[in-house]
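with the input below, show me the fold.
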Amino acid sequence: MALQISATNPEHPALLLELPWQLPLEQWPEEYLVPLPRGISRHVVRYARAGDEVIAVKELAERPALREYQLLRDLDRLAIPAVDALAVVTGRSDAAGEALEPVLVTRHLGGSQPYRSMFETTLRPATMHRLMDALAVLLVRLHLAGFAWGDCSLSNTLFRRDAGAYAAYLVDAETGELHPRLSDGQRDYDLDLARVNISGELLDLEASGALHPSVDPVEFGTEICARYRSLWQELTRTSVYPAGKYHYIERRIRRLNDLGFDVAEMQIEHASNGDTVTFVPKVVDAGHHQRQLLRLTGLDAEENQARRLLNDLESWMATQDDYAPGDPLGARPEVLAHRWVREVFRPTVRAVPVELRGAMDPAEIYHELLEHRWFLSERAQHDIGLDTAVEDYIVNILPKVRASLQPTTD
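Purely as a prediction, here's the structure:
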């Protein structure tokens, strides 16, 4: 059988042709390999260089190779943090014509390491918390997408530093299953497998003397499950708010933001007993809010400003009669965003006298006004509205800000 390289990108087969597919992976010469840390695997795995790419090559039977390749592509389509599937190579044979196992080829995630290797070093408590949070977030994201991993472990997870925290990535989808929706039983079973696998690997490291004495293997696995459950509850619960309590929505969004999630969609359904608010969360990359705000409104702002403005824009859009996500007859988000700029953002900023603004740009002014409205609404226990917040801000806040900026004389 002739060598076959199945890939979605036509450039990938050309990059891979130079590799020694006629040799078992264990026998590949050092000149092709890249020395990177690897976790434990039931298969032979090697890192190699193909052109300018560093790739991971894993030997396994053809059917599971093709299945994992498709699952990784599905996860990419769902925007789940996982390694990129590049190709499946079949029809391999050695110099004597004996068949060799097919291989799955994935792109190495730059700047990443297996979770297992992290625990072979000295860990500070803050680092431990970041690792646990990142792994819990990954499991939640997989389950929200309907993906049951079936083999979460320290070896099957990569971590990468991301703006002071750690982002976790799935690296092995061989045992995974993708469903429209996971039942509570499926989630609990997947979570319990993760707890056993993670604690087991840490016990293995402890027995070899590689684990820092401060790490309790059983407690670590249990803590990840606790963080997962807390995060899942916050992200999936339906909130029912009394009419007029829209600052509660703001409070919920802030909690999600603190957990590292962006509220990508928000649907408000009016009911006889109040307003039911359903959130669909989404983890985003650094700079996401800046790019999205600029694309929707043309406003250029700092990342935190952009996040705050987008939250306000999303809340405002949900109150518009022609806001119908997914309905081709509804107004496009770009149209609603420009209406928000014209009818809400600009009039609000212009309500603050130019001579009182100082050096603050419009995005910062609006951000400050939203913060002030949030503070006053929390104190009043009802949404006071933006106009009232602007009036109070001009009278009670801006004079103090300007006074603090005035040079003092001895």
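
and Leu135, how far is that from Ser155?
13 Å (CB to CB, to the nearest Å). For the C-beta atoms, the positions are set from N, CA and C on the backbone; glycine is no exception.

quick one: low-confidence parts of the stretch 151-300 of the chain?
Flagging of the stretch 151-300 of the chain using pLDDT under 70 yields the residue ranges 161-166, 238-247, 259-287.

before we move on, back to that, can you pull the residues that touch both of Leu135 and Ser155?
Common neighbours of Leu135 and Ser155, counting by CB atoms under 8 Å, 6 or more residues apart in numbering, are Tyr115.

burial of Gly221, as a residue count?
If you count neighbours by other CB atoms under 10 Å, Gly221 ends up with 22.

in what helix or strand does the closest residue to it other than its chain neighbours lie?
Excluding the flanking residues, the one nearest Gly221 by CB to CB, 6 or more residues apart in numbering is Ser199, at 3.5 Å. Element membership for Ser199 (DSSP states H and E) is helix 184-208.

show me the strands in this structure, by range?
4-6, 45-50, 53-59, 85-90, 103-107, 113-114, 147-148, 157-162, 165-170, 177-178, 239-241, 262-271, 274-282 (DSSP state E).

can you give me the angle the fourth one makes with strand 45-50?
Looking back up the chat, that one is strand 85-90. Computed by axes from the mean of the first three to the mean of the last three CA atoms, to 10 degrees, the angle separating strand 85-90 from strand 45-50 equals 100 degrees.

re the thing from before, my guess is the residue nearest to Gly221 contacts Phe220, does it?
Yes - if you go by CB atoms under 8 Å, Ser199 and Phe220 touch, sitting 6.8 Å apart.

return every residue with contacts to both of the two.
With CB under 8 Å, 6+ apart, Ser199 and Phe220 have no common neighbours.

neighbours of the residue nearest to Gly221, how many?
When neighbours are defined as other CB under 10 Å, Ser199 has 19 of them.

quick one, what contacts it?
Contacts of Ser199 (CB under 8 Å, 6+ apart): 217-218, 220-222.

between the residues you listed, identify the one with the most neighbours.
Gly221 (22 neighbours).

from Asp387, how far out is the nearest residue to Pro114 once chain neighbours are set aside?
Among residues not flanking Pro114 along the chain, Gly39 sits closest, at 3.9 Å (CB to CB, 6+ apart). Per CB to CB, Gly39 is found 57 Å from Asp387.

which one of these two has more residues nearby?
With neighbours defined as other CB under 10 Å, Gly39 and Asp387 compare such that Gly39 has more, 19 against 12.

so the more buried one makes contact with Cys152?
No - between Gly39 and Cys152 there is no contact under CB under 8 Å: 11.9 Å.

contacts only, for the closest residue to Glu177 other than its chain neighbours.
Nearest non-adjacent residue to Glu177, counting by CB to CB, 6+ apart: Ala148, 4.8 Å away. Listed by CB under 8 Å, 6+ apart, the contact partners of Ala148 are 142, 176-179, 182, 186-187, 189-190.

out of those, which end up buried?
142, 176, 178, 182, 186-187, 190 (16 or more other CB atoms under 10 Å).

quick one on the thing from earlier: what sits against the residue nearest to Pro114?
Neighbour list for Gly39: 114-117, 153-156, 171 [criterion: CB under 8 Å, 6+ apart].

can you add neighbour count and distance to Leu17 and give those residues back as TSV?
Converted to TSV, the contacts of Gly39 look like this (neighbours: other CB atoms under 10 Å; distance: CB to CB, whole Å):
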residue	neighbour count	distance to Leu17
Pro114	22	29
Tyr115	25	33
Arg116	22	33
Ser117	17	31
Ser153	22	33
Leu154	27	34
Ser155	22	30
Asn156	24	29
Val171	25	25
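
now, which of these sits nearest Val44?
Using CB to CB, Ser155 is the member of those that lies nearest Val44, at 13.9 Å.

I'd say that closest one and Met118 touch.
No - no contact is recorded between Ser155 and Met118 when judged using CB under 8 Å, the distance being 11.5 Å.

of the buried ones among the contacts of Ala148, closest to Ser230?
Arg187 (14.0 Å).

number of nearby residues for the closest residue to the closest one other than its chain neighbours?
Of all residues not flanking Arg187 in the chain, His143 sits nearest, at 5.2 Å (CB to CB, 6+ apart). By the criterion of other CB under 10 Å, His143 has 21 neighbours.

cool, and Ala14?
13.

from Pro102, how far out is it?
For Ala14 relative to Pro102 (CB to CB), the value is 19 Å.

who touches Glu370 in this structure?
No Glu there; residue 370 is Leu. Counting by CB under 8 Å, 6+ apart, Leu370 touches 308-309, 312, 386, 389.

scratch that, Arg46 is what I was asking about
The neighbours of Arg46, taking CB under 8 Å, 6+ apart as the test, are 25, 28, 33, 56-57.

neighbour-wise, give me the winner out of those.
Val57 (24 neighbours).

so what sits opposite it in the bridge?
Arg46, Val105 (DSSP bridges).

for it, what are its contacts?
19, 25, 45-48, 103-105.

if we use 7 Å, what do you get?
By CB atoms under 7 Å, 6 or more residues apart in numbering, Val57 lies in contact with 25, 45-46, 48, 103, 105.

just put those residues in JSON lines and tack on distance to Ser93 and pLDDT.
As requested, the contacts of Val57 are exported to JSON lines (distance: CB to CB, whole Å; pLDDT from 0 to 100):
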{"residue": "Leu25", "distance to Ser93": "14", "pLDDT": "92"}
{"residue": "Val45", "distance to Ser93": "21", "pLDDT": "92"}
{"residue": "Arg46", "distance to Ser93": "19", "pLDDT": "93"}
{"residue": "Ala48", "distance to Ser93": "19", "pLDDT": "92"}
{"residue": "Val103", "distance to Ser93": "13", "pLDDT": "93"}
{"residue": "Val105", "distance to Ser93": "18", "pLDDT": "93"}
